[in-house]
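S.K.: structure, please.
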Amino acid sequence: MPHILLQQDHTIPFECDEQFSFVAQGKYDQKIGVRDENKEFLLTKLAKKDGDTLNDLVKIDVPTRLSPVSLMKKALESYTKKVDQKVLFTNIHSKKNKIEPEQKYLKTIDYFVDQFKTDKDIFVEVGFGSGKHLLHQAKANPQKIIIGLEIHYPSIEQVLKQAKLQNIENILVINYDARLFLEFLSSNSVERIFVHFPVPWDKKPHRRVMSIPFIEESLRVLKIDGTLELRTDSINYFEYTLELLKEFRNYPFQIFKDQDLQIMSKYEARWRKQEKTIWDVIIRSTKNSDEIYLEGVFEFPYKYDKQILLEKLSREIVRQEEYFVHIEDIYDISNPFEGLLIKVTFGSFHMPVTKYLLLQNGDIRYFQGAPIRTRLNLEAHEKLLEILK
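M.R.: A predicted model of the protein is given here:
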């Protein structure tokens, strides 16, 4: 991550300008607001001890980092010139920080929220691992869109490399939690959902992909006769899924034992040699579902007093059944205006979001814009309004 190390000099004031919009003082660090090319982000400044000497480390604030990285590098360079402190170390010109070319088939969740549209049939694979099954489905179904979800980044890189080598054009890959991803797909738009050999989580079953909410969302996005297909070597996971299906008695399902597929992962091959049983549970959608429309807006409709917020805000985590809200840090702004910068993490336990709230002239807004519009983020926002009011 680009950063600079400066010799500390307390005598040099920091004056904000068109590029540097504010300085916010926290208990352990400072946040410096930056505006450039209609984008905003933060730099973090903190003291770094080297023996008996304190220096200033200035780096990019991780929750607000954005692309291209050159914008943030430029801000670090401008900061260095502005304060005129001695530079002890910098890596902003390092080749390690070069901008990597965009990978055509690797998408962010923003793409699926704002841009993704297709008339083609869709397959979704949850946790594709080595990618053998994902790539097989893409080659066998060239007229369909194959979406692969994976949280293990080396697996994503491996699949992208193989897709390029094999000239596969119909896959989209995303590093995102499957339990939340389906919310961004239209109802009745998916033909098949594969959940092959998910992590059993025998000691933490709440972390399993298969759950009542996940099955509900799967059935919503599936077309009539579309299928949700679980394949597992875990008898515990198999029996757990059968218990879940008691809540879906109107949807038929099939069970297969040691079924041979056209493609076999290296793990399945290993389990076959060990004579482990492989279970398949296939759930079929039988009806069309209504589209979901999320009500609510990410707005702060009241006027807020800086001193009252400083006195009343607690850093304790507020937990609800499906989400939480945690005010992590509060930063005092006195340059160039009186306000606050509030760091808050909230939303789903599985995929929380970290945002900053900026208080200026009694108004609060989300720094860098509102979070992704999901049901749990909207519910967490409503709870945040209660905390702030």
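
S.K.: show me where pLDDT drops low in this protein?
M.R.: 10-13, 94-103 (pLDDT under 70).

S.K.: show me the helices in it, by range?
M.R.: In the chain, the helices defined using DSSP state H lie at 69-83, 109-114, 132-140, 153-165, 178-181, 212-221, 235-244, 266-273, 306-312, 375-388.

S.K.: what are the ranges of the strands in the stretch 201-350 of the chain?
M.R.: Applying DSSP state E, counting those that start in this stretch to the stretch 201-350 of the chain gives strands spanning 222-232, 253-257, 279-284, 318-319, 323-335, 339-348.

S.K.: which neighbours does the first one have in its sheet, and in what orientation?
M.R.: With DSSP bridges as the test, strand 222-232 is paired with strand 190-196 (parallel), strand 279-284 (antiparallel).

S.K.: can you lay out these as TSV showing distance to residue 243?
M.R.: In short, each C-beta sits where N, CA and C put it, glycine included. Below are these laid out as TSV (distance: least, CB to CB, whole Å):
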stretch	distance to residue 243
strand 190-196	16
strand 279-284	11
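
S.K.: can you say which of those is nearest to residue 232?
M.R.: Closest to residue 232 of these, according to CB to CB: strand 279-284, at 5.5 Å.

S.K.: how big is the angle separating that closest one from helix 212-221?
M.R.: Angle of strand 279-284 versus helix 212-221, following axes from the mean of the first three to the mean of the last three CA atoms, to 10 degrees, is 50 degrees.

S.K.: how many degrees apart are strand 279-284 and helix 235-244 in direction?
M.R.: Note on geometry: by the same axes, to 10 degrees, strand 279-284 and helix 235-244 are set 20 degrees apart in direction.

S.K.: quick one: closest of the helices of the chain to residue 197.
M.R.: Here helix 266-273 is closest among the helices of the chain (CB to CB), at 6.4 Å.

S.K.: mind listing what's buried in the closest one?
M.R.: Buried residues in helix 266-273, defined by neighbour count with 16 or more other CB atoms under 10 Å: 268, 271.

S.K.: okay, angle between it and strand 190-196 too, please.
M.R.: 60 degrees.

S.K.: all further residue positions should be reported with the first residue as 25.
M.R.: Understood, numbering begins at 25; the last thing we discussed is helix 290-297.

S.K.: CA atoms of helix 290-297 as CSV?
M.R.: In CSV, the C-alpha atoms belonging to helix 290-297 read as follows (Å, rounded to 0.1, in the frame of the first residue of the first chain):
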residue,chain,number,x,y,z
LYS,A,290,-9.3,-33.4,-7.3
TYR,A,291,-10.9,-33.4,-3.9
GLU,A,292,-13.8,-35.5,-5.0
ALA,A,293,-11.4,-37.9,-6.7
ARG,A,294,-9.5,-38.2,-3.4
TRP,A,295,-12.7,-38.9,-1.5
ARG,A,296,-13.8,-41.5,-4.0
LYS,A,297,-10.5,-43.4,-3.4
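
S.K.: distance check, residue 78 against residue 32.
M.R.: 5 Å (CB to CB, to the nearest Å).

S.K.: one more: residue 372?
M.R.: Distance of residue 372 to residue 32, computed by CB to CB: 40 Å.

S.K.: have a look at the two and say which one is more surrounded.
M.R.: Shown here are residue 372 and residue 32; by other CB atoms under 10 Å, residue 372 has more neighbours (19 against 16).

S.K.: mind checking the end-to-end distance for stretch 316-333?
M.R.: Stretch 316-333 has an end-to-end distance of 36 Å (CA to CA, to the nearest Å).

S.K.: so which residues lie in contact with that stretch, not counting its own?
M.R.: 207, 211, 244, 354, 362-364, 366, 381, 383, 386-390, 394-395, 397-399, 401-402, 405-406, 409, 412-413 (CB atoms under 8 Å, 6 or more residues apart in numbering).

S.K.: only whichever of those are buried, select them in PyMOL.
M.R.: Buried subset of those, written as a PyMOL selection, criterion 16+ other CB under 10 Å:
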select buried, resi 207+211+244+354+363+364+366+381+383+388+390+395+397+398+399+401+402+405+412
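
S.K.: can you pull the phi/psi pair for residue 325?
M.R.: Backbone torsions of residue 325, given as degrees, to the nearest 10, read phi -80, psi 0.

S.K.: report the separation between it and residue 335.
M.R.: Taken as CB to CB, the span from residue 325 to residue 335 is 22 Å.

S.K.: what are the phi and psi values for the nearest residue to residue 193 once chain neighbours are set aside?
M.R.: Take residue 193 and drop its neighbours on the chain: the residue closest to it by CB to CB, 6 or more residues apart in numbering is residue 166, 7.6 Å away. Main-chain torsions, residue 166, degrees, to the nearest 10: phi -60, psi -20.

S.K.: shouldn't residue 166 be in contact with residue 194?
M.R.: Yes: Residue 166 is within contact range of residue 194, at 5.9 Å (criterion: CB atoms under 8 Å).

S.K.: burial measure for the nearest residue to residue 58 once chain neighbours are set aside, as a count.
M.R.: Spatial nearest neighbour of residue 58, excluding adjacent residues (CB to CB, 6+ apart): residue 99 at 4.7 Å. Using other CB under 10 Å, residue 99 has 23 neighbouring residues.

S.K.: hmm, residue 274 and residue 310 touching each other?
M.R.: Yes: at 6.9 Å, residue 310 and residue 274 qualify as touching, with contact defined as CB under 8 Å.

S.K.: show me which of those two is the more surrounded one.
M.R.: Shown here are residue 310 and residue 274; by other CB under 10 Å, residue 310 has more neighbours (13 against 8).
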